[in-house]
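Undergrad: Give me coordinates for this.
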Amino acid sequence: MHPVLTSQTASRRAGTRAHLSGGFTLIENLIAVAIFMIGVMAVTYLLADSVTLAKTGQGQTTAYVAAQEIIGMLRASGANALSYNGLTINSVNPPASGGATVFQTNVSTWWQSLLQLPGAAGPPTIPATGQPRISGAIKVWSTNGNGQCPCNATITESWGQNSYVVSTEVVY
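TA: Numbering: from 1, shown residues only. Predicted coordinates:
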């Protein structure tokens, strides 16, 4: 081998190695940071969405419990279940607490259950819509059309932008 060729070849190889092992360029770093930030934003969005879904699920569960409570009261009322027909309560016009009759006590108890719904605290109406923050309605009608039970009932509970509706047969 010739010594000059060997040193030139070694010099070229050393220069190539120095260029290749020099690290990332600024553009490569910016692209890597951009990809990382897109991933972080996606995870943040998913976390925020999961919090919203958890609150919605909590509301649906609370509404279910409140509806089952009033259904039990309707069934316990027997032939008087029809007296609940057309009952509407809401945060603008809440029922009086307690009550002298079983009916008033049942309505007050149902209202206390509705107050456990998410977003129940605050002014009686939702400022953006003017609608009641919380509302509940009961419709009861005779199955036979004779004004006596057995009956069917539909319970509707609303809070914020959410609602829960359940229909059931009331027999005793």
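
Undergrad: tell me the pLDDT at Lys139?
TA: pLDDT for Lys139: 96.

Undergrad: Could you look up the SS state of it?
TA: Classification of Lys139 by DSSP: H, G, I helix; E, B strand; the rest coil places it in strand.

Undergrad: Show me the beta-bridge partners of it.
TA: On the basis of DSSP bridges, Lys139 is bridged to Thr154.

Undergrad: what packs against the helix ranked longest in the chain?
TA: Ranked by residue count and defined by DSSP state H, the top helix of the chain is helix 26-77. Contact here means 3 or more Cβ pairs under 8 Å, 6 or more residues apart in numbering; DSSP states H and E; on that basis helix 26-77 packs against helix 102-114, strand 134-142, strand 151-159, strand 162-170. C-beta: built from backbone N, CA, C; applies to glycine.

Undergrad: can you put those in a markdown table and add mean neighbour count and distance to Ala121?
TA: What follows is these, written out as a markdown table (neighbours: other Cβ atoms under 10 Å; distance: least, Cβ to Cβ, whole Å):
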| stretch | mean neighbour count | distance to Ala121 |
| --- | --- | --- |
| helix 102-114 | 18 | 12 |
| strand 134-142 | 19 | 10 |
| strand 151-159 | 21 | 11 |
| strand 162-170 | 15 | 15 |
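
Undergrad: Quick one: the ones you listed as CSV, columns for distance to Leu82 too.
TA: As requested, the helices and strands packed on helix 26-77 are exported to CSV (distance: least, Cβ to Cβ, whole Å):
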stretch, distance to Leu82
helix 102-114, 11
strand 134-142, 5
strand 151-159, 6
strand 162-170, 9
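
Undergrad: Select, out of these, the one closest to Gly57.
TA: strand 162-170 (10.7 Å; Cβ to Cβ).

Undergrad: what lines up beside that closest one in the sheet?
TA: With DSSP bridges as the test, strand 162-170 is paired with strand 151-159 (antiparallel).

Undergrad: Format the CA atom coordinates belonging to the helix or strand hosting Ile89 as PDB.
TA: Counting by DSSP states H and E, the element that carries Ile89 is strand 87-90. What follows is strand 87-90, C-alpha atoms only, in PDB (Å, rounded to 0.1, in the frame of the first residue of the first chain):
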ATOM      1  CA  LEU A  87     -96.300  15.900  39.500                       C
ATOM      2  CA  THR A  88     -93.600  18.300  38.400                       C
ATOM      3  CA  ILE A  89     -90.800  19.600  40.600                       C
ATOM      4  CA  ASN A  90     -87.800  21.800  39.700                       C
END
